[in-house]
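J.: sequence-free structure coming up:
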């Protein structure tokens, strides 16, 4: 199971840190991901991290601004979001997958979303 938290309202240029608590991992949950979905848009990949090796991937639109990390001892996957823009406004979801993915169709388990709103 995945439980996301940490969303909120922030001004443009500000920062937020999202956290996803992970429980019940199986051998199919090799990669932990963050996705987001803005109103009227499809759910899109934001960042992913391999649970064991820690190798990370980012969508081009967040490179240099967002950082994903995982803490195996705490069983959490965090997304540090800096230099936020109004276009980052969306519901953010954590999701697990058995392999590296770029689309929501490849995800296995989903957490509930957490709203991030960036005001201009």
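T.: The structure has been received and is ready for your questions. Predicted, not measured: the structure shown is a model, and the values here were computed from it.
J.: Could you use CA atoms for every contact and neighbour count after this?
T.: Will do.
J.: I figured residue 86 hits residue 14, correct?
T.: No. With the criterion set as C-alpha atoms under 8 Å, residue 86 and residue 14 do not qualify as a contacting pair; they are 10.5 Å apart.
J.: how far away is residue 26 from residue 99?
T.: Distance, residue 26 to residue 99, using C-alpha to C-alpha, to the nearest Å: 13 Å.
J.: oh sorry, the question was meant for residue 46
T.: Counting by C-alpha to C-alpha, the gap from residue 46 to residue 99 is 15 Å.
J.: Looking at those two, which has the bigger crowd around it?
T.: Here residue 46 and residue 99 are set side by side on neighbour count (other C-alpha atoms under 10 Å), and the busier one is residue 46, at 26 against 15.
J.: what sits against that one?
T.: Contacts for residue 46 (C-alpha atoms under 8 Å, 6 or more residues apart in numbering) come out as 33-36, 58-59, 62.
J.: number of nearby residues for residue 60?
T.: 10.
J.: do residue 114 as well
T.: Here the neighbour count serves as a burial measure; for residue 114 (other C-alpha under 10 Å) it reads 21.
J.: Could you pull up the contacting residues of it?
T.: Shown here is residue 114, whose contacts under the criterion C-alpha under 8 Å, 6+ apart are 4-8, 91-93.
J.: Farthest pair within those residues?
T.: Distance extremes for the contacts of residue 114: the farthest pair is 8 and 93 at 13.6 Å, using C-alpha to C-alpha.
J.: So which of the two has more stuff around it?
T.: Neighbour comparison, residue 8 and residue 93: the larger count goes to residue 93, with 27 against 14 (by other C-alpha under 10 Å).
J.: right, and the more buried one touches residue 4 too?
T.: Yes. Contact between residue 93 and residue 4 holds when scored by C-alpha under 8 Å: they sit 6.9 Å apart.
J.: hey, what's in contact with both of these two?
T.: Shared contacts of residue 93 and residue 4, defined by C-alpha under 8 Å, 6+ apart, comprise 111-114.
J.: Appreciated, that's everything.
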